[in-house]
Every structure is written in structure tokens, then in C-alpha cells.
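Asks: Would you be able to build a 3D model of this:
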Amino acid sequence: MRQELESREPSSNPWDSRDKDPMELYNLLAEKRKELQQLQRVSEGLEHAAEVQRKAESEQSFVRPEIEERLQKAKLEARPLAGARGFVMP
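Replies: As a prediction, the model looks like this:
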């Protein structure tokens, strides 16, 4: 009985080829391919933007070696002072 009802109702699945014209299926497939290509282009654009952002963040956070050396020296000098006052330095 269930099969009989299903066979009478039109299918809502666009890929169900029982009642579809071959050209209609071809056109649907072509449309889906076009959508996929658009999604791939958008994905490539997003990946490129993410890479550019990572590069910019890396460049922005870069510290010149001489500045890094001065920072480390200042941290070492501050450690004994912080310990004497009860602070814990990382």
C-alpha cells in the first residue's frame, strides 16, 4: 500500500529520474555545476583573504631582533624588583 501511494505522488526529489525528461535532468546538472564553480571561486577568494590577513598579522606582530633583546633584558632586570615586592613575573 505504501509503495502504491508513493508511486502515485509526484516525487519531491529533483534527482529522481522516474518522471523526468533527460534534457531537464541535463539542465539541472548544468545548473548545479555552475553553482559549484561559483562556490569554488568564492572559497578560493576567502582562502586568499585569510592568507593575506595571516601575513599582515605576522608582519604587524614582528619585533626587530634588537627590540626583542632590549625587551628580554628589561624583563630580566624587572624580575628581582618584582620578586622583592611580592609580584610573580612570568
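Asks: Just give me the longest helix of this structure.
Replies: Identified as the longest helix of the chain according to DSSP state H is helix 22-61.
Asks: Follow the chain on from that helix and name the next helix or strand.
Replies: helix 65-84 (DSSP states H and E).
Asks: Go through that following helix and flag the buried ones.
Replies: Of all the residues in helix 65-84, not one is buried under the rule 16 or more other C-beta atoms under 10 Å. (Each C-beta comes from the backbone N, C-alpha and C, glycine too.)
Asks: Could you check the longest helix of the chain and say which residues are buried?
Replies: Of the residues in helix 22-61, none is buried (16+ other C-beta under 10 Å).
Asks: mind saving the C-alpha coords of stretch 21-34 as CSV?
Replies: The C-alpha coordinates for stretch 21-34 follow below in CSV (Å, rounded to 0.1, in the frame of the first residue of the first chain):
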residue,chain,number,x,y,z
ASP,A,21,12.8,14.4,-19.1
PRO,A,22,16.5,13.7,-19.9
MET,A,23,17.1,17.4,-21.0
GLU,A,24,15.5,18.6,-17.8
LEU,A,25,18.0,16.4,-15.9
TYR,A,26,20.8,17.7,-18.0
ASN,A,27,19.8,21.3,-17.4
LEU,A,28,19.6,20.7,-13.7
LEU,A,29,23.0,19.1,-13.7
ALA,A,30,24.5,22.0,-15.6
GLU,A,31,22.9,24.4,-13.1
LYS,A,32,24.4,22.5,-10.2
ARG,A,33,27.8,22.5,-11.8
LYS,A,34,27.6,26.3,-12.3
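Asks: Quick check: mean pLDDT of that stretch?
Replies: For stretch 21-34, mean pLDDT is 92.
Asks: now stretch 59-79
Replies: Here the average pLDDT along stretch 59-79 is 86.
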